[in-house]
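Asker: Quick one: sequence plus predicted model below, questions after.
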Amino acid sequence: MGAKRIVKKTSVKKPRSPAKPMFERWLTRRLLGGVLLFGGLGSLLGFTVWQLAQPDTLPIQQVQVKGEFVYLDKQDLYKAIGDLANAGFFNVDVRAVKQAAETMPWVDSASVRRIWPDTLHIDIREQIPLARWQDGGMVNRYGDVVSLATTDALSDLPVFNGPEGTAKILAKRYQLLSVPLAKMELAVVALTLSERRAWQVSLDNGMHLLFGRAMADTQLSRFANAYNSMPIEKLENIQSVDLRYTNGFAVRWKTPVNKSKLG
């Protein structure tokens, strides 16, 4: 038999991949470490935010209310705020507290802020009433009608009467009348605007002034000049003065008097 020829296979070695530079390996480790670090910090931050949002974390311990109050009861204000103040320092809803305060009839405006570490401070500006409105409630200094449960505390203020939506007109007219009448030591107790837009002014001495649609300064000046020169006994006998005339006015007396021409 012939001898078999044994062929020795030579193994082919694969070329080695070039080793990564040392800087690249260092950078990879740094980036991985940074990712883990920021991930941990993010989790910690998330937990911290969640913890601060809990009502029992730095709870509000006191509510301070400041302002000059004539009509507003602080206890009513605390009730209006209610559970809104029962929160943590960081998660108390300041805007909601402000809105709750400003829904009260006697609150004109409110500002709310936190005081570290456990206080809610509320500054209140109270409504300034100008008059009582005919159907209840009041007219404030802006001419807005504000609903009230009772107007007993406003008995010294005048009453405005007029068609719906005319409160601002009445308020403006009242402010214009008050100064010249005060110089005559008179005050308005009722101001009425009729459906036909005629004016009537009732004064604290029982006298009534009648105006037409226009209430001119000359009409009031003419009345003031006559009023200041009239004897007291005649003044006390005047029931009403009709100022709708162009060059004068007519007087209605409480009791008949001898013919007297005024104006």
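Answerer: Ah, there it is.
Asker: Which helix or strand lies directly C-terminal to the one helix or strand in the chain whose mean pLDDT sits lowest?
Answerer: Taking mean pLDDT, DSSP states H and E as the measure, the helices and strands of the chain show their lowest mean at helix 22-52, namely a mean of 58. Taking DSSP states H and E as the definition, the helix or strand that follows helix 22-52 towards the C-terminus is strand 62-66.
Asker: That following strand packs against which elements?
Answerer: With contacts defined as 3 or more CB pairs under 8 Å, 6 or more residues apart in numbering; DSSP states H and E, the packing partners of strand 62-66 are helix 74-81, strand 119-126. (Glycine included, C-beta is placed from N, CA and C.)
Asker: Give me whichever of the ones you listed is most buried.
Answerer: Taking mean count of other CB atoms under 10 Å as the contact definition, the stretch among those with the greatest mean neighbour count is strand 119-126, which reaches a mean of 17.
Asker: could you turn it into PDB, dropping everything but the C-alphas?
Answerer: Included here for strand 119-126 are C-alpha records, laid out as PDB according to Å, rounded to 0.1, in the frame of the first residue of the first chain:
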ATOM      1  CA  THR A 119     -47.000  81.800  57.600                       C
ATOM      2  CA  LEU A 120     -49.600  82.900  55.100                       C
ATOM      3  CA  HIS A 121     -49.900  86.700  55.000                       C
ATOM      4  CA  ILE A 122     -53.100  88.300  53.500                       C
ATOM      5  CA  ASP A 123     -53.400  92.100  52.900                       C
ATOM      6  CA  ILE A 124     -57.000  93.200  52.500                       C
ATOM      7  CA  ARG A 125     -58.400  96.400  51.100                       C
ATOM      8  CA  GLU A 126     -62.000  96.900  52.200                       C
END
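Asker: what inclination does that strand have with respect to strand 62-66?
Answerer: Strand 119-126 runs at 20 degrees relative to strand 62-66, counting by axes from the mean of the first three to the mean of the last three CA atoms, to 10 degrees.
Asker: what's across from residue 202 in the sheet?
Answerer: With DSSP bridges as the criterion, residue 202 is bridged to residue 190, residue 208.
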